[in-house]
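> I would like the atomic coordinates for the input below:
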Amino acid sequence: MSKDKISIVILAAGKGSRMNSSRAKVLHNISGKPMLFHIIKSSLEISDDITVVVAHQKEAVIKNMQTYFKDINFVTQDAKEFPGTGGAMMGVKAKNEKVLVLNGDMPLIKASSLQGFLDTDAKVIMSIFDLVNPDGYGRVLIKDDEVQSIVEQKDASDDELKIKTVNAGIYAFSKDILEKYIPLLSNDNAQEEYYLTDVIAMAKKDAVSIVPLLVDEQEFKGVNSRVDLAEAEVIMQDAIKSKWMMSGVNMQLPSSIYIEDSVVFEGECIVENACRITGETLIKDSHIKANSVIEDSIVKNSDIGPLAHLRPASYIEDSHIGNFVEVKKSSLKGVKAGHLSYIGDSMVDTGTNIGAGFITCNYDGVNKHKTIIGKNVFVGSDSHLVAPVTLEDDVMVAAGTTVTSGTIKKGSLVLSRKKLKTIKDFYYKFFNKIS
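Next comes the predicted model:
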């Protein structure tokens, strides 16, 4: 089915009280992006008409999603007068003839898994799976391969609560079914809510065939608590890392590694244990060593770590970044920075060696300033460059030197050591150890 044949409605209006959070449930992150982001991203693969129903913290939800997506429709539910999933659909005007209704708290769903809803012309399709412990789910009564009824747990009898087949919460309706039955919904139930499942009950009463679709429980998992959030994170992380390992990335102890969905690998790459790689990061033909953190950076033909930190907007090429080195918003090409250094707001050119304990002093308390280091520069240990400062090519900085500003000319040696002073027997005098 082409994208112009299916509309998708994502229900994202709930408070998510079980999250015990001041943040809207659908804005809680999984692998670096809000839950709602993941379901919209999958939806856009199969539809050009996406509507998100919002209510709780609607301004925050809309603003957040608009940073990622354009041309998404937002409808505000009148949750006070018309609460519930049925109430959420009352303001929706779908463009296409088939309407797929998804939940914004199901971040693990892939577009390929939604194909089953598109492969049949049935008027109503609903997702189901069987659970050993179905507590919290609506129960589904099935006979002769058709759904007979759905009972919400809050309204279920003791016998109905014994049923293991549950409603996975996703439906596909023909547009005319929604137009006919949504206006007929009632809130005459224990929770005084308008249930979308009542559309199925009314359609069934009118002899409309309700087709059940068995889905993967793990992928259609709803996130309702912090425990669910953590479990979904593990599942998504496993999927992300499996994808890259199948593409040729070598990961050591992958269960200890965290990689966000936006990270891209190219060529021959190794990622050692306990690394964290986030944001819009590209790793190409590089070795990321244990316990390193890389954020929104580009790394090409380099080795990073162990225990290194690349903060956002770092560009590293043909370089060695060693342990306890932090780089921020800097470009390093053909550089060695072996250990214990901070390089911020800098450009460092090929052949340059950065000694241990080196610091770029880039922030004056108000503004950030640039440091420019040329080719083949040797920076001695425990040195400081107080930006703005430029070291031209072939400069040597003596160990323990502080360069306060300006330009150091090509081929120069710069040093700022004071003459060594020794005071005899000072230790004993200071501690009163001389009688």
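> contacts for the longest helix belonging to the chain?
As assigned by DSSP state H, the longest helix anywhere in the chain is helix 226-246. Here helix 226-246 makes contact (C-beta atoms under 8 Å, 6 or more residues apart in numbering) with 19-20, 28, 30-31, 35, 38, 107-108, 218, 221-223, 251, 254, 257-261, 263, 265. Any C-beta I mention is one placed from the backbone N, CA and C, and that applies to glycine too.
> For Cys284, the count of nearby residues, please.
Careful, residue 284 is Lys; it's not Cys. 16 (other C-beta atoms under 10 Å).
> List the residues that contact the nearest residue to it once chain neighbours are set aside.
Spatial nearest neighbour of Lys284, chain neighbours left out: Glu266 (4.2 Å); criterion: C-beta to C-beta, 6 or more residues apart in numbering. For Glu266, the contact set (C-beta under 8 Å, 6+ apart) comprises 282-285.
> now do Pro312
Pro312 is in contact with 279, 295-297, 328-329, counting by C-beta under 8 Å, 6+ apart.
> Any idea how far the longest helix of the chain is from the middle of the chain?
Averaging C-alpha positions (C-alpha atoms, centre = their mean, to the nearest Å) puts helix 226-246 11 Å from its chain's average.
> State the mean pLDDT of that helix.
Regarding helix 226-246, the rounded mean pLDDT is 97.
> swap in stretch 134-151?
87.
> got the end-to-end distance for that stretch?
With C-alpha to C-alpha, to the nearest Å as the measure, stretch 134-151 spans 12 Å from end to end.
> residues making contact with that stretch?
126, 128, 131, 152-153, 156-157, 160-161, 163-167, 197, 200-201, 204, 209-212, 224.
> about what we covered before: farthest pair in the contacts of Glu266?
Distance extremes for those: the farthest pair is Leu282 and Asp285 at 10.8 Å, using C-beta to C-beta.
> intersection of neighbour lists for those two?
Here Leu282 and Asp285 share the contacting residues 266, 300, scored by C-beta under 8 Å, 6+ apart.
> For these two, indicate the residue with more neighbours.
Between Leu282 and Asp285, counted using other C-beta under 10 Å, the more crowded position is Leu282 (17 against 14).
> picking that back up, can you lay out the contacts of Glu266 as CSV showing pLDDT, secondary structure and distance to Phe173?
Output for the contacts of Glu266, formatted as CSV (pLDDT from 0 to 100; DSSP: H, G, I helix; E, B strand; the rest coil; distance: C-beta to C-beta, whole Å):
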residue, pLDDT, secondary structure, distance to Phe173
Leu282, 98, strand, 42
Ile283, 98, strand, 44
Lys284, 98, strand, 46
Asp285, 98, coil, 49
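> ok so, going back, using PDB, write down the CA coordinates of the longest helix of the chain.
Extracted C-alpha coordinates of helix 226-246, given in PDB (Å, rounded to 0.1, in the frame of the first residue of the first chain):
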ATOM      1  CA  ARG A 226      10.400   3.700  34.700                       C
ATOM      2  CA  VAL A 227      10.800   0.000  34.800                       C
ATOM      3  CA  ASP A 228       9.200  -0.300  31.400                       C
ATOM      4  CA  LEU A 229      11.400   2.500  30.100                       C
ATOM      5  CA  ALA A 230      14.600   0.700  31.200                       C
ATOM      6  CA  GLU A 231      13.400  -2.500  29.600                       C
ATOM      7  CA  ALA A 232      12.600  -0.800  26.400                       C
ATOM      8  CA  GLU A 233      16.000   0.900  26.400                       C
ATOM      9  CA  VAL A 234      17.700  -2.500  26.600                       C
ATOM     10  CA  ILE A 235      15.600  -3.800  23.700                       C
ATOM     11  CA  MET A 236      16.300  -0.800  21.500                       C
ATOM     12  CA  GLN A 237      20.000  -0.800  22.400                       C
ATOM     13  CA  ASP A 238      20.300  -4.500  21.400                       C
ATOM     14  CA  ALA A 239      18.600  -3.700  18.100                       C
ATOM     15  CA  ILE A 240      20.900  -0.800  17.300                       C
ATOM     16  CA  LYS A 241      24.100  -2.600  18.200                       C
ATOM     17  CA  SER A 242      23.000  -5.800  16.300                       C
ATOM     18  CA  LYS A 243      22.400  -3.700  13.200                       C
ATOM     19  CA  TRP A 244      25.900  -2.200  13.300                       C
ATOM     20  CA  MET A 245      27.600  -5.500  14.200                       C
ATOM     21  CA  MET A 246      25.900  -7.100  11.200                       C
END
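> still on that earlier bit, I'd like to know which of the contacts of stretch 134-151 are buried.
126, 128, 152, 156, 160, 163, 165-167, 197, 200-201, 204, 210-212, 224 (16 or more other C-beta atoms under 10 Å).
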